[in-house]
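**Student:** Task: produce atomic coordinates for the following.
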Amino acid sequence: MKKLLLIINPHAGRGEIAAKAVECINIFQQAGYDVTVYVTQGSQDATRVASERSKEFDRIVCAGGDGTLNEVVTGLMQCDMRPPLGYIPAGTTNDFATSINLPKAPVEAAQIAADGVLHALDIGKFNDRYFNYIAAFGAFTEVSYATPQQSKNIFGRAAYIMEGVKSLANIKTHHIKIKSDEFAEEDDFIYGMVSNSVSVGGFKAITPGEVRLDDGLYEVLLVYPFENPMELQWLVNDLLTHNQESTRFAYFHTSHIAFDAENEVPWTLDGEFGGANRQAEIHNYSQAITFVTGE
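**Tutor:** Numbering: from 1, shown residues only. Reported below is the predicted structural model:
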């Protein structure tokens, strides 16, 4: 029989995956897999298990949020042989699941993880760390990892909005020299995002129709500071209407980009704290991991 490793984070989202685990396992068994279940014991445990045991299995399935998926991806990137990776989204926003057309219902996602479409997708590297779909700094980025898990479980996406409102009055400006083949500038920025997703924080990307998860390119969004509430409103309007001619932000595609800041800048990687750095270099590893996706 084919062998499948199911890595479960029982604390992701509202803990719904724990109640659906038996049904998911049954789906995998009916698809012809001999299933091994591993329940994560803490931070980075999924990385260790994926790295140490990937060669034993024909398929790995991650059940958890975007942070858990990031850990599994990190583990697989440390391996020479990487089995196909399925995903059962069980977090609060599950941005990556939206990008690869996965349903929110765990049992339906398990069915796709068992026999969905195999698709080799890009993986990013931020200095010496890997990320799956986003590296970001600046306004509101700390919300994703600063929001208490209990609040996420109770309020869902509204918990992020509540934390975001709290941080609105504390938006910081970062002076950064940014360089890529497509863009070179030294200026002040309040937000920066290097992403490979049609959805970020549950909201659509600026050009979702142009996002390709396997083209070796990232979508980069850099937002300049605003001086008053009226300018903030104009900025929001430009972002919501996908106005790529706006002078309030820069938007372009690249496979490699470097950041050199005056002071340390906190970064978020796939919704988790990625450290504070003055220098950051981001590379795109095209089609590095094969995912099991929806149609």
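**Student:** Got the domain ranges for the chain?
**Tutor:** 2-122, 129-286 (automatic domain parsing).
**Student:** export those domains to TSV and tack on mean pLDDT and distance to G294?
**Tutor:** (C-beta placed from N, C-alpha, C; glycine too.) TSV is the format used below for those (pLDDT from 0 to 100; distance: least, C-beta to C-beta, whole Å):
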stretch	mean pLDDT	distance to G294
domain 2-122	92	3
domain 129-286	79	12
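**Student:** between those, which one is nearest to E295?
**Tutor:** Across those, E295 has its closest neighbour in domain 2-122 (6.3 Å, C-beta to C-beta).
**Student:** you'd agree L269 is up against F131?
**Tutor:** Yes: with contact defined as C-beta atoms under 8 Å, L269 counts as touching F131 (4.2 Å).
**Student:** max-length strand in this structure?
**Tutor:** If you go by DSSP state E, the chain has its longest strand at strand 272-293.
**Student:** Identify each buried residue in it, please.
**Tutor:** Residues 272, 274, 277, 280, 282, 284, 288-293 are the ones in strand 272-293 that count as buried (16 or more other C-beta atoms under 10 Å).
**Student:** Return the closest of those residues with respect to F126.
**Tutor:** Out of the buried residues of strand 272-293, the member with the shortest distance to F126 (by C-beta to C-beta) is I282, at 5.4 Å.
**Student:** mind listing what the closest one touches?
**Tutor:** Counting by C-beta atoms under 8 Å, 6 or more residues apart in numbering, I282 touches 124-126, 135, 194, 218, 256-259.
**Student:** what sits opposite it in the beta ladder?
**Tutor:** In this structure, I282 bridges to F126, I257 when assessed by DSSP bridges.
**Student:** Next, work out how far apart it and M81 are.
**Tutor:** Applying C-beta to C-beta, to the nearest Å, the value for I282 to M81 is 25 Å.
**Student:** all strands for the stretch 51-200 of the chain, in order.
**Tutor:** Here the stretch 51-200 of the chain has its strands, by DSSP state E, counting those that start in this stretch, at 59-64, 85-89, 117-126, 129-131, 134-138, 174-179, 184-189, 191-195, 199-200.
**Student:** Would you mind telling me which of those is nearest L239?
**Tutor:** Closest to L239 of the strands of the stretch 51-200 of the chain, according to C-beta to C-beta: strand 191-195, at 10.1 Å.
**Student:** and that closest one, which strands flank it?
**Tutor:** With DSSP bridges as the test, strand 191-195 pairs up with strand 134-138 (antiparallel), strand 218-223 (antiparallel).
**Student:** Pipe those into CSV and attach distance to D115 and mean neighbour count per row.
**Tutor:** Listed next are the strands paired with strand 191-195 as CSV, based on distance: least, C-beta to C-beta, whole Å; neighbours: other C-beta atoms under 10 Å:
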stretch, distance to D115, mean neighbour count
strand 134-138, 28, 25
strand 218-223, 30, 22
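**Student:** Can you get me a residue count around the nearest residue to F226 once chain neighbours are set aside?
**Tutor:** Nearest residue to F226 in three dimensions, chain neighbours excluded: L232, at 4.8 Å (C-beta to C-beta, 6 or more residues apart in numbering). As a burial measure, L232 scores 15 neighbours (other C-beta atoms under 10 Å).
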